[in-house]
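**Q** with the sequence up front, the predicted model follows.
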Amino acid sequence: MDRGSQPRLAYLDTPVVAWLHDGLVDRLSRRARDAIESFRLVVSPIVELELSLLREIGRFRPVAARAIAALGDEIGLEYGSVPFRRVVEAATRQTWTRDPFDRIIVGEALAAGAALITKDDLIRHHCRSAIW
């Protein structure tokens, strides 16, 4: 079945986006790779900001927006469209972390009723829709 007809939605966590962009698919679990192949893929706009900050400290080389656009061309990655107010409402309930990026990424995935592909153990412990 082609990706366009998939009803399931999956958000990608920041490291997953970086690994996919850099071709490091061996860092992904089998389950994560299967989800990437079968779900409609989206990314929170906050991932672009986090990748930009990582670029500023030398931990990610490409311009974040270009990396995300390239993944749009390669795997159909899109930006999520949940209204920011709903994202913040859901993020506010994620009291298990002080990381604002994690709170927003998890909050947006939850507000969208979507899965979240992440290797992060803390996120996976607190987010039932997490896939790894």
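**A** Right, received. Where do you want to start?
**Q** need the helices for the chain, in chain order.
**A** With DSSP state H as the criterion, the chain has helices at 14-21, 30-38, 45-56, 64-75, 84-92, 100-112, 121-126.
**Q** okay if I get the ones you listed as TSV plus mean pLDDT, mean neighbour count and distance to residue 8?
**A** (Glycine included, C-beta is placed from N, CA and C.) Listed next are the helices of the chain as TSV, based on pLDDT from 0 to 100; neighbours: other CB atoms under 10 Å; distance: least, CB to CB, whole Å:
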stretch	mean pLDDT	mean neighbour count	distance to residue 8
helix 14-21	97	22	16
helix 30-38	97	15	7
helix 45-56	97	18	19
helix 64-75	97	15	15
helix 84-92	98	15	19
helix 100-112	98	23	11
helix 121-126	97	14	18
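**Q** export the ones you listed as TSV, with columns for distance to residue 132.
**A** Compiled in TSV, the helices of the chain are given as follows (distance: least, CB to CB, whole Å):
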stretch	distance to residue 132
helix 14-21	9
helix 30-38	6
helix 45-56	17
helix 64-75	18
helix 84-92	21
helix 100-112	13
helix 121-126	6
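**Q** list the contacts of residue 63.
**A** With contacts defined as CB atoms under 8 Å, 6 or more residues apart in numbering, residue 63 is in contact with 52, 55.
**Q** can you offset everything so residue one is 43?
**A** With 43 as the first residue, the last one maps to residue 105.
**Q** now it: phi and psi?
**A** Backbone torsions for residue 105, taken as degrees, to the nearest 10, come to phi -70, psi 130.
**Q** how much space between it and residue 80?
**A** Counting by CB to CB, to the nearest Å, the gap from residue 105 to residue 80 is 29 Å.
**Q** ok, now residue 122?
**A** Applying CB to CB, one obtains 18 Å for the distance of residue 122 from residue 80.
**Q** could you do residue 71 as well?
**A** Here residue 71 is placed at a distance of 14 Å from residue 80 (CB to CB).
**Q** and residue 108, by the same measure?
**A** 26 Å.
**Q** same question, residue 143
**A** Computed with CB to CB, the distance linking residue 143 and residue 80 is 26 Å.
**Q** cool, and residue 113?
**A** Residue 113 sits 16 Å away from residue 80, taking CB to CB as the criterion.
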